[in-house]
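Asks: fold the stuff below for me.
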Amino acid sequence: MKLLVALCLMAAGVSAQYGQSGIVFPDGRLKQFTREEADNVAEIGESGVVFKDGSHKQFDMEFATLHNNLPAPARPEPVAFGPYSYTGIVMPDGNNRQFTHDEHTNILVVGPSGVVTADGKNLQLDQEGLPLPLRRKRGASEAVVGESGIITPSGQLIQLPPGVSVVAAGPSAALLSTGKGIQYDRKKRAAPSKAVVGDGGIITPGGVQFQLPHGVYIVSKGPSAALLSNGEAVQYDEKKKYVKPGPYGATGIVMPDGKNVQFTHDQSANVAVVGPSGVVMVDGRNVQLNDEGLPSRKKRSKPVVGDSGYITASGRPVQFPHGVTILIAGDTGLLLSNGEAVQLYE
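Replies: Residues are numbered from 1 along each chain as shown. Next comes the predicted model:
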């Protein structure tokens, strides 16, 4: 009988079993099932147990290996990239920190920038191969309180006088040992726009009503302006000022005499953006607008006349024939020695 008990203890020390009436754990502990627990066992397999109540238990790798009397799985070859290894850490001061058995078995893979653990908690390593401290992201509403000062949530630095310390710190203020309270300032939020924006028009904060043209809609709106689909920007403020659209639009021009110049389809499609001082075209050309919002007229270039030729106002160079000279030079033309009259403005 003693020999049987000794054999059972030896088997329990090197193996683990899940049976119909109890469990032998890898560390030698025994758990006896109650009658209800034993009657609830439906099927015991190689990797787990299925119970009659519908629940199930999954064996971990170590228990499944011992339960099936299999050889222990080969542990991957430990490769250390730095001071952090599978068995411990070599600290910068030369001291060694030895891992416990549980810490050692919890390490799965050690890489050059981090450690993967069995419990799912991964460690980040710094450039020296040492674990970084677990940092909690500081919320936007939190202040940094130290022994010599405070950094408010908005970034303001407050230096504490000598001998003064922080007695209590809360989310919005701090109490000093002198009895003084420091209220944290907050970043000011942008005030919401007071403009009324609808599908058919805009009422600016100053009360100015702006009617949208037919087919034009609002692309983007902000606290101080709105951008329309035709490229025009409506600027509004409290002083009843806004950028009034000029006579030059995406589909045509309203002339000072009241006549409308309607663009063709190609001309209208070529207009990219109409601004208060100019128009940007799709083909890359720009049109400069004057103070009245109308296209500015280009100043006519002056012709250039020399001894051997001339350049017309349009930029065309003309070379004199050999031996021909200028007899008379006027503002708009030339008379050459061969009797030819030349017009400088084409």
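Asks: quick one: low-confidence ranges for the chain?
Replies: For the chain, the stretches with pLDDT under 70 are 1-16, 72-81, 133-141, 186-193, 237-246, 297-301, 346.
Asks: one more time with 90, if that's ok
Replies: In the predicted model, the chain carries pLDDT under 90 at residues 1-33, 37-38, 41-346.
Asks: the helices in it, which residues?
Replies: 2-14, 35-40, 61-67, 101-106, 265-270 (DSSP state H).
Asks: can you pull the contacts of the residue lying closest to residue 129 once chain neighbours are set aside?
Replies: In space, and not counting its chain neighbours, residue 129 is closest to residue 82: 2.4 Å by Cβ to Cβ, 6 or more residues apart in numbering. All C-beta atoms are positioned from the backbone trio N, CA, C, and that covers glycine. Neighbour list for residue 82: 112, 125, 128-130 [criterion: Cβ atoms under 8 Å, 6 or more residues apart in numbering].
Asks: now a PyMOL select for only the buried ones of the residues you listed.
Replies: Filtering the contacts of residue 82 down to the buried ones (16 or more other Cβ atoms under 10 Å) takes a single PyMOL command:
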select buried, resi 125+129+130
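Asks: how about residues contacting stretch 124-133?
Replies: 81-84, 89, 91-92, 111-115, 123.
Asks: from residue 198, how far off is residue 269?
Replies: For residue 269, the distance to residue 198 equals 28 Å [Cβ to Cβ, to the nearest Å].
Asks: so residue 117 touches residue 108, yeah?
Replies: Yes. With contact defined as Cβ atoms under 8 Å, residue 117 counts as touching residue 108 (6.2 Å).
Asks: now residue 225, nearest residue through space, not along the chain?
Replies: Per Cβ to Cβ, 6+ apart, closest to residue 225 is residue 235, 4.6 Å.
Asks: measure that neighbour to residue 61 for me?
Replies: 69 Å.
Asks: now residue 281
Replies: Separation of residue 281 from residue 61 (Cβ to Cβ) stands at 71 Å.
Asks: residue 148: neighbouring residues, count only.
Replies: Using other Cβ atoms under 10 Å, residue 148 has 11 other residues around it.
Asks: hang on, it packs against residue 159?
Replies: Yes. Counting by Cβ under 8 Å, residue 159 is a contact partner of residue 148 at 6.9 Å.
Asks: give me the distance between the two termini of stretch 17-28.
Replies: This stretch, stretch 17-28, spans 10 Å end to end (Cα to Cα, to the nearest Å).
Asks: in that stretch, what's buried?
Replies: The neighbour-count check on stretch 17-28 (16+ other Cβ under 10 Å) flags 17-18, 23-24 as buried.
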